[in-house]
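**Student:** Okay, here's the prediction I keep looking at, along with the sequence it came from:
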Amino acid sequence: MSTSMTKVKELTKGDMLRRNIFFYGVMIIAFAIIGFLVPDDPADFGIISALPAAFLIIFIFKTKRIIEALALAVILTTIMGYKGEFFGVFNEIILNNVMDEDMAWLFIVCGLMGGIVAVVETSGGGYAFGNWVTKKAKTEKSTLLWTAVCSLLLSIDDYLSVLTTGSAMTPVNDRHRTPREMTAYIVDSTAAPACVLNPISTWAVFIGGLMVANGLGEPGSQVLTYAQVVPYNFYAMGALLVLFLVIIGVIPKFGPMKKAYERIHAGGPLAPPGSERIDIRAGKEAAIPENPKLRNFFVPMLVLVSATILFGFDMQMGVVTAIGFNFIWFVLQGMSPETYVDEVLRGLKNMLMPLFMMILAFSFADGCERIGFMDFVVDTATAHITLQYLPITIFLVFAFTEFIMGINWGMYIIALPMVVPVTLALGGDPIVMVGVVAAAGVWGSHCCFYSDATILTSAATGCDNFRHAITQIPYGFIAGILAGIGYLFLGIILY
């Protein structure tokens, strides 16, 4: 019996090997043919520039493997744009993104946030916080509401909100047998939407600065300038509305989210398969600490938030300050310096997978930009546009490009210099259009499988990022449809 089973396994492995060789062999040949047939000048690509985006989405849905999909899509963009020189350009794109200032910032902030989470968990602070919340939230619904409120209170920055709320509330929701997909949805959908509606946030400072740079405000007035666009961010409002309707049960669980709950009811695991690869808490068995203290959760988090605010909403300064403070705080309580450093390094190591995925996502966006994908989409959509339909068109165009490229703030840098002149030329109000662009960026970021929001939420909640995205998309579409209807009527009413 054992011999026959071994033969079956060997045949299965052999079949898989032959299938993979055939699959990737056909793909390499197809890439080579595409590179040979496309025009030499990317300016002449037109609709051909959408090929990598189409390949990426199809590959992700077919294989559910996002890292491989992104890497292959970057290779395809370089083959299309540079033909025989693609390998050198591919390495250049990866190197440029690793060395980019924004990526260095991400490594520092996200890596050290992983370290803070690890230390707080080891000290028992996370366990004590879970006990404290559990005494106040007796049901799954109330715990999910606590999760949303916790995220809203941290709406000065979406990374801060996602990483702090996800790491703190996931163990609490686990006690109620809540699927990790639902926890991830709550954390993600109360992060960026709340931040983009908060005129005192990193989002306000960033987008307000872009508005000033594009002539829509006076230097030094970023926050006041940005506050004018908040009422026009219909998607962020819709996302929060849908979120709370889902929590209280007005909008039922359906689609992939319903299947996640069915998995739990059937006795399955809280996290979908593959989640351990991205989980910020992976690599250490959960244990009940001796004498857990609530102060070991609240004090480090208060220092983190306070330092971020005091340093002008600079999260890097906030995280570095918290790391230094926590060393003194925990060593004075008896933790050895060696243990503290080991835990910080363990947390940083657990963030490497999400960070690597973000490098590939940024590289794919770079590759798409080099072959003119966004220019093609924008030019096609705005070729015969009228002022009445400008808001809905801008929302759809940049929501789509953000969904494909997953670059979030990078999309704003590209979009605003395009949108402001077009709006002024048609006689529209650019303030309104900035609100529309901001909304489009949040929608695309929420629904994209490999955006920074999706990846970091998945890491913080211990949920496979494909399953997080696929369970969140239906609710994102509901809020997106509400926003789209709002922008359609806004254009008709205003113009």
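**Tutor:** All right, it came through fine.
**Student:** what residue ranges in this protein are flagged as low confidence?
**Tutor:** Residues of the chain that meet the criterion pLDDT under 70 lie in 1-11, 283-289.
**Student:** Which helix runs longest in it?
**Tutor:** Among the segments of the chain that qualify as a helix by DSSP state H, the longest is helix 2-37.
**Student:** Show me what counts as buried in that helix.
**Tutor:** Neighbour-count burial for helix 2-37, counted by 16 or more other CB atoms under 10 Å, picks out 31, 34-35. Glycine gets a C-beta too; all of them are placed from N, C-alpha and C.
**Student:** what does stretch 100-117 give?
**Tutor:** Result for stretch 100-117 [16+ other CB under 10 Å]: buried residues 103, 106-107, 109-117.
**Student:** Would you report which members of those are assigned to strands?
**Tutor:** Counting by DSSP state E, those place none of their members in strands.
**Student:** Of these, which is the nearest to Thr380?
**Tutor:** Met103 (30.7 Å; CB to CB).
**Student:** and the residue nearest to the closest one when sequence neighbours are not counted, how far is that from Ile359?
**Tutor:** Excluding its sequence neighbours, the residue lying closest to Met103 (CB to CB, 6 or more residues apart in numbering) is Asn97, at 5.7 Å. Per CB to CB, to the nearest Å, Asn97 is found 5 Å from Ile359.
**Student:** repeat for Tyr235
**Tutor:** Tyr235 is 27 Å from Ile359, by CB to CB.
**Student:** Who has more neighbours out of these two?
**Tutor:** Each of Tyr235 and Ile359 has its neighbours counted (other CB atoms under 10 Å); Tyr235 has more, 30 against 18.
**Student:** For the more buried one, which residues are in contact?
**Tutor:** 193, 395, 399, 439-440, 442-443, 479-480, 483 (CB atoms under 8 Å, 6 or more residues apart in numbering).
**Student:** Can you tell me which of those end up in helices?
**Tutor:** Reading helices off these with DSSP H, I get 193, 395, 399, 439-440, 442-443, 479-480, 483.
**Student:** quick one: which of these has the most company?
**Tutor:** Counting neighbours by other CB under 10 Å, Ala439 comes out on top of the ones in helices among the contacts of Tyr235 with 32 neighbours.
**Student:** Which stretches in the stretch 251-400 of the chain count as helices?
**Tutor:** Taking DSSP state H, counting those that start in this stretch to define them, one finds helices in the stretch 251-400 of the chain at 255-265, 295-310, 315-331, 337-350, 352-370, 373-382, 390-405.
**Student:** I'd assumed Phe364 was in contact with the residue nearest to Met103.
**Tutor:** No - counting by CB atoms under 8 Å, Asn97 stays clear of Phe364, with 9.7 Å between them.
**Student:** And those two? Which one has more around it.
**Tutor:** Phe364 (28 against 20).
**Student:** quick revisit: take the contacts of Tyr235 and lay them out in JSON lines including distance to Met433.
**Tutor:** Listed next are the contacts of Tyr235 as JSON lines, based on distance: CB to CB, whole Å:
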{"residue": "Pro193", "distance to Met433": "19"}
{"residue": "Phe395", "distance to Met433": "10"}
{"residue": "Ala399", "distance to Met433": "14"}
{"residue": "Ala439", "distance to Met433": "10"}
{"residue": "Ala440", "distance to Met433": "10"}
{"residue": "Val442", "distance to Met433": "15"}
{"residue": "Trp443", "distance to Met433": "15"}
{"residue": "Ala479", "distance to Met433": "20"}
{"residue": "Gly480", "distance to Met433": "18"}
{"residue": "Ala483", "distance to Met433": "14"}
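**Student:** which one among the residues you listed gets closest to Val26?
**Tutor:** Sorting these by how near they are to Val26, with CB to CB, puts Ala399 at the top with 32.6 Å.
**Student:** Touching both of Asn97 and Ile359, which residues are there?
**Tutor:** Counting by CB under 8 Å, 6+ apart, the common neighbours of Asn97 and Ile359 are Met103.
**Student:** count of residues packed around Ala236?
**Tutor:** Neighbours of Ala236 under the rule other CB under 10 Å: 28.
**Student:** so who does the nearest residue to it once chain neighbours are set aside touch?
**Tutor:** Setting aside the residues directly before and after it, Ala236 is nearest to Pro193 in space (CB to CB, 6+ apart), at 3.9 Å. By CB under 8 Å, 6+ apart, the residues touching Pro193 are 235-237, 239-240, 442.
**Student:** could you measure Ile323 against Gly312, distance?
**Tutor:** 19 Å.
**Student:** Next, the contact list for the closest residue to Glu290 other than its chain neighbours, please.
**Tutor:** Nearest non-adjacent residue to Glu290, counting by CB to CB, 6+ apart: Gly124, 7.4 Å away. Listed by CB under 8 Å, 6+ apart, the contact set of Gly124 reads 289-293, 296.
**Student:** Out of those residues, which end up buried?
**Tutor:** Buried, going by 16+ other CB under 10 Å: 292, 296, out of the contacts of Gly124.
**Student:** Which of the contacts of Gly124 sits closest to Pro39?
**Tutor:** Nearest to Pro39 among the contacts of Gly124: Asn296, at 61.0 Å, using CB to CB.
**Student:** I'd say the closest one and Thr122 touch.
**Tutor:** No - using CB under 8 Å, Asn296 is not in contact with Thr122, being 9.5 Å away.
**Student:** Determine the number of other residues adjacent to Gly324.
**Tutor:** Counted with other CB under 10 Å, residues neighbouring Gly324 total 12.
**Student:** and if you look at the one 5 residues further on?
**Tutor:** Trp329 has 19 neighbouring residues, counting by other CB under 10 Å.
**Student:** roughly how far apart are it and Pro300?
**Tutor:** Counting by CB to CB - Trp329 and Pro300 are separated by 7 Å.
**Student:** residues contacting the spatially most central residue of the chain?
**Tutor:** Central residue of the chain (CA atoms, centre = their mean): Ala453, 1.6 Å from the mean position. If you count contacts by CB under 8 Å, 6+ apart, Ala453 has them with 158, 162, 188, 191-192, 408, 445-446.
**Student:** What of Phe449?
**Tutor:** 60, 66, 406, 465-466, 469-470.
**Student:** One more pass at 6 Å, please.
**Tutor:** With contact taken as CB atoms under 6 Å, 6 or more residues apart in numbering, Phe449 is in contact with 60, 66, 469.
**Student:** what do you get for Ile492?
**Tutor:** Residues near Ile492 by CB under 6 Å, 6+ apart: Gln388.
**Student:** Show me the helices in the stretch 101-250 of the chain, by range?
**Tutor:** Using DSSP H, counting those that start in this stretch, the helices of the stretch 101-250 of the chain run over 101-123, 125-136, 140-153, 158-175, 180-189, 192-197, 202-213, 222-227, 234-248.
**Student:** Give the burial count for Met169, as a bare number.
**Tutor:** A count of neighbours around Met169, defined by other CB under 10 Å, yields 29.
**Student:** That one and Leu145 touch, don't they?
**Tutor:** No - counting by CB atoms under 6 Å, Met169 sits too far from Leu145 to count as a contact (10.8 Å).
**Student:** burial count for Ser189?
**Tutor:** Around Ser189 there are 27 other residues, counting by other CB under 10 Å.
**Student:** ok, it to Ile116 distance?
**Tutor:** According to CB to CB, Ser189 stands 23 Å off from Ile116.
**Student:** Check Ile280 too.
**Tutor:** Separation of Ile280 from Ile116 (CB to CB): 10 Å.
**Student:** Same question for Ala459.
**Tutor:** Distance from Ala459 to Ile116, by CB to CB: 13 Å.
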